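[1] turn this into a model:
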Amino acid sequence: MSMPKGNIRLTRPQDVRRLLARVINELIQEEPSSIDRARVIATLSNSIIKAMEVGELDERMKEIEKRLGVETS
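    Now for the predicted structure:
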């Protein structure tokens, strides 16, 4: 894999989604295909779905808080 080395900041669900998508794309490009790699891709895909859901909920909560005038840190 040619993933960049070093620290990766994962502070938001979108960051996690982006990282997982990069890993999946790298795995898909490797040859030859294997059942183990397919299982990893499926697991990571489920994680991306969850990160997308959490990210969407986070955005919705922030919008609701903004409309209500609630300050968050």
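
[2] may I see the buried residues of the helix or strand harbouring residue 47?
    Assigned by DSSP states H and E, residue 47 belongs to helix 35-68. Using 16 or more other C-beta atoms under 10 Å as the test for burial, helix 35-68 gives 41, 44, 47, 48, 51, 55. Just so you know, the C-beta spots here come from the backbone N, C-alpha and C atoms, and that holds for glycine as well.

[3] quick check: mean pLDDT of it?
    Mean per-residue pLDDT for helix 35-68: 91.

[4] sorry, back to before: greatest separation within the buried residues of helix 35-68: which pair is it?
    Of all pairs drawn from these, the one with the longest distance (C-beta to C-beta) is 41 and 55, at 20.5 Å.

[5] so which strand or helix has the residue most central in space within the chain?
    Against the mean C-alpha coordinate of the chain, by C-alpha atoms, centre = their mean, the closest residue is residue 17 at 1.4 Å. If you go by DSSP H and E, residue 17 is part of helix 13-29.

[6] so for that helix, mean pLDDT?
    Mean predicted lDDT for helix 13-29 stands at 88.

[7] tell me how far it lies from the chain's centre.
    On the basis of C-alpha atoms, centre = their mean, to the nearest Å, helix 13-29 sits 7 Å off its chain's mean C-alpha point.
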